[in-house]
Structure formats: C-alpha cells, structure tokens
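# The amino acid sequence is not available; the structure is as follows:
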C-alpha cells in the first residue's frame, strides 16, 4: 500500500490523505464481524416472526396481528440498512474530511464509545428481544 502511495505522491504524502499502512489487529476485525453476524441473526428472526404472524393472521384475521406484521416489516428493512452501515463504517471513512485537514474523530468507527460499537450493542439487544418474541409467539 505504501508503495502505491509513493508512486502517486513520491516521498511526500499530503496530510489530508488518511491511509493506514499497518494491518488490522484481531480486535479491529472481531467487533465489525460480530455486528454483521448479530444483524444477520436478527434478520432471520424477523423473517421467522413475519412468517409466524402471517400464519396466525390467516387463521384469526386479527387486526392486532396485522399491526405486528406492519411493525416487523420496517424492522427488517432497517436491518438491511444496518448491515450496509456497519460495512461502510468498517471499510471506508464514514465522514470525508471537508475541508482536507485533520483526521476524522475516532468516535465514528468501532473504537470504544464509537458509533459502530453502539450499533453492535443495540443490534445485540434487538436480537435478544426478537428471540423472546419468537419464543412467545410459538407457544
């Protein structure tokens, strides 16, 4: 990577180019991967809940069950966008430097207290809640 930068800029790399030349550490890989796995589990739980509620609605024609379906479907769409958000926080800069200058604050990525870490924690609690809801819906 540094050879490619040297090819473009020579010996001088402008300060607005935020390039990391060291490899990622295991801790920097585990949290984003865990986040995507948790969100995917949440998506499968939502698909299961939607299927259960469609089956119950077909039997009972209850407006309450129809309302639950219309709550779960936007949650599923939100999970799709959350996978993309976690991926983009991991692979690229979340907020480009405007104007070119100092490095982006560490609170954007997966560092302690960062946006990525908060999204993973929220997704974990959402998955736990969906597990409980699916269990209770199947009783």
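Thanks, I have it. Because the structure is a prediction, the values reported are computed rather than measured.

# all helices of the chain, in order?
2-9, 26-60, 63-91, 115-137 (DSSP state H).

# residue ranges with poor pLDDT in this protein?
By pLDDT under 70, the low-scoring segments of the chain are 1-22, 24-25, 27, 91-114.

# related to what we said a few turns ago, for the helices of the chain, give me TSV that also has mean neighbour count.
All C-beta atoms are positioned from the backbone trio N, CA, C, and that covers glycine. Listed next are the helices of the chain as TSV, based on neighbours: other C-beta atoms under 10 Å:
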stretch	mean neighbour count
helix 2-9	10
helix 26-60	16
helix 63-91	14
helix 115-137	16
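
# Could you tell me how far the residue nearest to residue 36 when sequence neighbours are not counted is located from residue 41?
Nearest residue to residue 36 in three dimensions, chain neighbours excluded: residue 86, at 5.6 Å (C-beta to C-beta, 6 or more residues apart in numbering). Computed as C-beta to C-beta, to the nearest Å, the residue 86 to residue 41 distance reads 13 Å.
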